[in-house]
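Student: Structure for the following, please:
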Amino acid sequence: MILIVSCSTQKTEINKIEYQAGACFGFCPMFKLTITSNRTAIIDAERFTFEEGKGKSDFGKAKEGIFKTTINEES
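Tutor: Presented below is the predicted three-dimensional model:
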């Protein structure tokens, strides 16, 4: 009986998922992605995330931007 009670399933609520990709020795995308429990998605694009034609001079540019959307329920 103790084994059955101790192995019961517990529901865990996830409020937020975050993923961050940082600098590398080349021109890797640098961004932070956040998805919240209400399906809001925010990408903070710093460098090399959306732009093509990468070069050393791109490091001095302003960051690409912050983009926000709501993920539809089906997705």
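Student: Mind giving me the packing neighbours of the helix or strand containing D44?
Tutor: Under the criterion of DSSP states H and E, D44 resides in strand 40-47. Judged by 3 or more Cβ pairs under 8 Å, 6 or more residues apart in numbering; DSSP states H and E, the packing partners of strand 40-47 are strand 30-36, strand 65-70. For the C-beta atoms, the positions are set from N, CA and C on the backbone; glycine is no exception.
Student: And the contacts of the first one?
Tutor: Contacts with strand 30-36, where a contact means Cβ atoms under 8 Å, 6 or more residues apart in numbering, come from 15-23, 41-49, 71.
Student: returning to that earlier point: so what touches the strand holding D44?
Tutor: 23, 27, 29-35, 49, 58-59, 61, 63-71.
Student: And for stretch 13-22?
Tutor: In contact with stretch 13-22 (Cβ under 8 Å, 6+ apart) are residues 28-37.
Student: for stretch 67-75, same thing?
Tutor: 35, 38-43, 45.
Student: And these, which of them are buried?
Tutor: Using 16 or more other Cβ atoms under 10 Å as the burial test, these include 35, 43, 45 as buried.
Student: Go ahead and flag the most central residue of this structure.
Tutor: Closest to where the C-alpha atoms of the chain average out (Cα atoms, centre = their mean) is L33, at 2.0 Å.
Student: beta partners of that one?
Tutor: Y19, I43 (DSSP bridges).
Student: related to what we said a few turns ago, return the distance of the strand holding D44 from the chain's centre.
Tutor: Centroid separation for strand 40-47 versus its chain: 7 Å, with Cα atoms, centre = their mean, to the nearest Å.
Student: Could you do stretch 15-25 as well?
Tutor: Distance of stretch 15-25 from its chain centroid, counting by Cα atoms, centre = their mean, is 6 Å.
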